[in-house]
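Sequence first, predicted coordinates after that:
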Amino acid sequence: MTTQVNEDERQCYLDDVISENVGWIRIQEKTFKRWMNEHLKHRKLEVEDITEDLNDGLALINLLEVLSHKSIGRHYTKKPRINAQKMENIVATFNFMKGEGIKIVNIDSTDIMQGNMKLTLGLIWTLIFNYQIAANLKDDNSGGGPKKKLLNKINQKLRKQWYQRRVRGWERNVK
């Protein structure tokens, strides 16, 4: 009897965790899709389904060219029809990112082509971080990579807020 209750509790817990992850993935998908479409509109392109629209590499190629202000070149198929051509396009984007100094960890071109949502979202986050966040931190002279600069920026803001909260109201007491 207690094993059945424990199994039921365990299953309830797992269902809650899974539904929470699904909700979080949907939020990321909508947010990242909006970010991509904002940049792709310059090429009159739109992504409707991240897993489907990126699996031939063309949207990814266009996004990288817009973000980097560079051309990937002629190393890709403009109208891929077979999986080998789609794979070539995705590999071209990975090679381009490597040339740009972007680290891709635990994501393979087959993951993108097969529509692995979590890894595709991870790849898009990597692009957001490198082209949006890191680009806005270039004027930071604190040294280190983009992650360290971002942490320094956050720490500065937090220290300033802490100081402001700490001294708030003191001017009344000084009079």
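In hand now; what should we look at?

I'd guessed Met113 sits against Met87; true?
Yes: the pair Met113 and Met87 passes the contact test of CB atoms under 8 Å, sitting 5.9 Å apart. Quick note: C-beta positions are derived from backbone N, CA and C, even for glycine.

okay, and the common contacts of the two?
Taking CB atoms under 8 Å, 6 or more residues apart in numbering as the contact rule, Met113 and Met87 both touch Gly57.

Can you tell me the element the residue positioned nearest the centre of the chain falls in?
When CA atoms, centre = their mean is applied to the chain, the residue found nearest the centroid is Trp125 (0.9 Å). Under the assignment given by DSSP states H and E, the secondary-structure element containing Trp125 is helix 117-128.

Run through who's touching stretch 68-76.
With contact meaning CB under 8 Å, 6+ apart, stretch 68-76 is reached by 57-58, 61, 64-65, 88-89, 92-93, 95-96, 100, 131.

err, stretch 41-56, not the other one
The list of residues contacting stretch 41-56 from outside it, by CB under 8 Å, 6+ apart, reads 29, 32-33, 36-37, 40, 59-60, 62, 66, 80, 85-86, 89-90, 112-117, 120-121, 124.

And it, what's buried?
Leu45, Val47, Ile50, Asp53, Leu54, Asn55, Asp56 (16 or more other CB atoms under 10 Å).

could you give the mean pLDDT of the helix holding Trp125?
For helix 117-128, mean pLDDT is 93.

Please apply the same query to stretch 62-79.
Along stretch 62-79, the predicted local confidence has a mean pLDDT of 91.

what are the C-alpha coordinates of that stretch, in CSV please?
Only the C-alpha atoms of stretch 62-79 are listed here, as CSV (Å, rounded to 0.1, in the frame of the first residue of the first chain):
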residue,chain,number,x,y,z
ASN,A,62,20.9,34.5,-42.8
LEU,A,63,20.8,35.2,-39.0
LEU,A,64,24.6,34.9,-38.7
GLU,A,65,25.2,37.1,-41.7
VAL,A,66,22.9,39.8,-40.3
LEU,A,67,24.3,39.6,-36.8
SER,A,68,28.0,39.5,-37.8
HIS,A,69,27.7,41.9,-40.8
LYS,A,70,29.8,39.3,-42.7
SER,A,71,29.1,36.9,-45.5
ILE,A,72,29.3,33.1,-44.9
GLY,A,73,30.3,33.0,-48.6
ARG,A,74,29.3,30.5,-51.2
HIS,A,75,30.0,27.4,-49.0
TYR,A,76,26.3,26.5,-48.7
THR,A,77,23.3,25.3,-50.8
LYS,A,78,20.8,28.0,-51.3
LYS,A,79,17.9,25.5,-52.0
